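Novice: Fold the following for me, if possible:
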Amino acid sequence: MRPKAVRRKTFAWTSTAFGAGFYAIGLFVALADENDGFGVGLAMATTALFLWTLGWDSTYRYTATHVSTTHFLVSTAVAWQDVTRIDSTAGLALHLRDGTTLGSISYGDSVIGAVTGNITHRRAQTILRAAHHTATHPTDRRSPPGPVPRHHGFAWRRGLVATLVLYCPMLAASTLN
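Specialist: Numbers count the residues shown, from 1 in each chain. Sure, this is the predicted structure:
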């Protein structure tokens, strides 16, 4: 089963739109400027990649057995049975049975969220709570001793595809000048 992603839509689409704008400007500069356009274009493409990673790729993903969060292409996964509660009072966080929390950059705490009551986090909280309820049974909610096993990984496929999509046209544009 492919993981389902829970994104903060406004944050994800806004950062993706700004990233696309930066990329378009960078590609234009790389094509139009014969002297130093490639360096500027490359910097703009890197900014676009950073914004995509921050807004679109950094999110919660879940399957029937595990939930994970990604921060700048580094993914951390835990089993649903190790999650005790899902809270959105100070950013969206998964509270684990050993007392630690697992959070996401895109669902972090903010001043605007504190004023509005983290409205954008509630949808994701509802989805994750439903997935947690479906994945665990009351008999599974016992707390085994010891720290929660966390599986760290490098989400290189999405990052590689994004890098190729951004840098290949930029390199092609540099050869046209």
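Novice: Helices of this protein, start to end?
Specialist: 9-32, 37-52, 111-116, 119-135, 156-176 (DSSP state H).
Novice: Pull out the buried positions in the last one.
Specialist: Buried positions in helix 156-176, judged by neighbour count with 16 or more other CB atoms under 10 Å: G159, A162, L166, P169, M170, A173. (Glycine included, C-beta is placed from N, CA and C.)
Novice: Point out where this protein drops to low pLDDT.
Specialist: 1, 34-37, 110-114, 116-117, 138-144, 177 (pLDDT under 70).
Novice: Pick out the residue closest to the middle of it.
Specialist: By CA atoms, centre = their mean, the mean C-alpha position of the chain lies nearest to S58, the distance being 1.0 Å.
Novice: Can you tell me the closest non-neighbouring residue to that one?
Specialist: Counting by CB to CB, 6 or more residues apart in numbering, I105 is the residue found nearest to S58 once chain neighbours are left out, at 4.5 Å.
Novice: got a list of what that neighbour touches?
Specialist: L54, S58, H71, F72 (CB atoms under 8 Å, 6 or more residues apart in numbering).
Novice: From these, pick the one nearest H121.
Specialist: S58 (14.3 Å; CB to CB).
Novice: Need phi/psi at that closest one.
Specialist: Dihedral pair for S58: phi -80, psi 100, per degrees, to the nearest 10.
Novice: so who does it touch?
Specialist: T69, T70, H71, F72, S104, I105, S106.
Novice: cool, D109 as well?
Specialist: A90, G91, N118.
Novice: The nearest residue to S174 once chain neighbours are set aside: neighbour count?
Specialist: Nearest residue to S174 in three dimensions, chain neighbours excluded: F38, at 4.2 Å (CB to CB, 6+ apart). Neighbourhood size, F38 [other CB atoms under 10 Å]: 20.
Novice: And for G99?
Specialist: G99: 9 neighbours (other CB under 10 Å).
Novice: From G159, how far off is it?
Specialist: 31 Å (CB to CB, to the nearest Å).
Novice: Pull the number of nearby residues for G39.
Specialist: 14.
Novice: ugh, typo on my part, it should be H137
Specialist: 9.
Novice: coming back round to it: right, so the helices of the chain: which one is the most enclosed?
Specialist: helix 37-52 (a mean of 19; mean count of other CB atoms under 10 Å).
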